[in-house]
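A.B. asks: With the sequence up front, the predicted model follows.
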Amino acid sequence: MKFTVKAALLTALLTLPGATTAVAAERPARCAEQRFSVQVNGEHQTIAGELCSRGRLTARTPVQILLHGGTYDRSYWDWPYQPRRYSYMDSATRAGYATLNLDRLGYGRSSRPDPETLDFDAGGEAVHQVVRQLRPRFRTIVLNGHSMGGLVAERAAERGGVDAVIISGIPRDRPGARAATTSPFHPAELDPKFAGKPWARGYFTTRPGTRAQTFHHPGTYDPAIISVEEALKDTLASAELRSVGPGAAKRSAPKVPTAYVLGEHDTLVCGSGDCGADEIVRGSGHSINTSLAARSFYRWTFAWLARKLG
């Protein structure tokens, strides 16, 4: 496996001058685009992402690998609309973490393999290989996955090499999403955004105009964010979609410290209330990062990590 980056940018990240935490937090985050070469299902694939930090990045800097959910890409964790409110990357780097914000396999700028074989085990293996390539450079690695990205984080953590896991939008004990009378998903090749893409067959996306009711709850989001959701939406693989339906495989929590976080009104996975979580984010639907309660989630994760990582 080969780890390739834009060398000049990564060197700049690793040699930023020392600064107090307060001063570093006010500086813009320094980010470098990354490319990771992985082997999944016997084929070479590429994982794309962005490594961001403030202040001096060293081996002691804890790194959070951010894994978005289905029909999102890495922008879920670095939302361009009002980033001081909705960008987890912005808040995490201000809190002293580095973030590696990935496009999961099959999303964004990463490879788009056969969607019939791109299940959560394949995604977890890809992330595990990224972890192995990071480990020589960093002492502390955290997986932070939302929804389907949380299911991938579980699989990656089973393979070892991480120190803690945060999973949002997925309950601790249930296998996946609740059954819906009307699916919000349709074939990507039928969607105006993805029609004509050579890889689209076998991938799915949300039907136009369904994101508000699928990922949010009335009164918990800024209506202006929905047009951004629609503009930035991505796809998901058919194998991933099958894996959260009836007959989904049983799951097991990682052996390292793991937190499960749900929005108070997450009707996509369990309806209102606690259906197996360590933290309930009040005033949020399924997509916590794009809800009005996003910063409450951010603060909770930093406090939890401080307790677990010391």
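C.D. replies: Here it is on my side, so go on.
A.B. asks: for the stretch 201-310 of the chain, which spans come out with low pLDDT?
C.D. replies: Within the stretch 201-310 of the chain, the ranges that satisfy pLDDT under 70 run 245-249, 271-274.
A.B. asks: tell me the contacts of the closest residue to residue 135 other than its chain neighbours?
C.D. replies: The shortest distance from residue 135 to any non-neighbouring residue, by Cβ to Cβ, 6 or more residues apart in numbering, is to residue 161 (5.7 Å). From N, CA and C alone the C-beta is placed, and that goes for glycine too. Applying Cβ atoms under 8 Å, 6 or more residues apart in numbering to residue 161 gives the contacts 128, 131-132, 135, 141.
A.B. asks: Filter those down to just the ones in helices.
C.D. replies: The helices, defined by DSSP state H, take in 128, 131-132 from these.
A.B. asks: Closest to residue 201 out of those residues?
C.D. replies: residue 128 (27.9 Å; Cβ to Cβ).
A.B. asks: which residues does that closest one contact?
C.D. replies: Contacts of residue 128 (Cβ under 8 Å, 6+ apart): 155-156, 159-161.
A.B. asks: need those in a markdown table with distance to residue 31 and secondary structure, can you?
C.D. replies: Shown next, in a markdown table, are these (distance: Cβ to Cβ, whole Å; DSSP: H, G, I helix; E, B strand; the rest coil):
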| residue | distance to residue 31 | secondary structure |
| --- | --- | --- |
| 155 | 27 | helix |
| 156 | 22 | helix |
| 159 | 27 | coil |
| 160 | 28 | coil |
| 161 | 23 | coil |
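A.B. asks: Out of these, which is nearest to residue 101?
C.D. replies: Looking across the contacts of residue 128 and measuring by Cβ to Cβ, the closest to residue 101 is residue 156, at 15.3 Å.
A.B. asks: Chain neighbours aside, what residue packs nearest to that closest one?
C.D. replies: Setting aside the residues directly before and after it, residue 156 is nearest to residue 127 in space (Cβ to Cβ, 6+ apart), at 3.9 Å.
A.B. asks: burial of that neighbour, as a residue count?
C.D. replies: As a burial measure, residue 127 scores 28 neighbours (other Cβ atoms under 10 Å).
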